[in-house]
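S.K.: Turn this into a structure:
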Amino acid sequence: MLGENIKKIRKKRNLTQDKLARLADIPYTSITKIETGVIKSPSIQTVAKIAKTLGISIDELIEGA
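M.R.: Numbering: from 1, shown residues only. Here you go, the predicted structure:
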């Protein structure tokens, strides 16, 4: 679910996985693994970086904005 939310919001913002990873300062592979469900519970620091980069709260990211 988290991965699906990230993907949906990322696409809404017209960001590629690579661009999101660079802007959030996290590895590209982490983004792909989170979006595909390989990583089901990323660290709160990673989730916070992604949420900040997408311009939403952690709650919105987890619940699906």
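
S.K.: you'd agree S30 is up against D18?
M.R.: No: using Cβ atoms under 8 Å, S30 makes no contact with D18, being 11.7 Å away. The way it works is simple: take the backbone N, C-alpha and C, and place the C-beta from them, glycine included.

S.K.: and these two? which has more neighbours close in?
M.R.: Counted by other Cβ atoms under 10 Å, S30 and D18 do not tie: S30 has more neighbours, with 19 against 11.

S.K.: ok, for the more buried one, nearest residue in space, not its chain neighbours?
M.R.: Computed as Cβ to Cβ, 6 or more residues apart in numbering, the closest residue to S30 that is not its neighbour in sequence is T46, at 6.4 Å.

S.K.: got a list of what the one you found touches?
M.R.: Neighbour list for T46: I26, S30, I34 [criterion: Cβ atoms under 8 Å, 6 or more residues apart in numbering].

S.K.: quick one: which helix or strand includes the first one?
M.R.: This points to I26. Using DSSP states H and E, I26 falls within no helix or strand.

S.K.: OK, contacts around it?
M.R.: T46, K49, I50.
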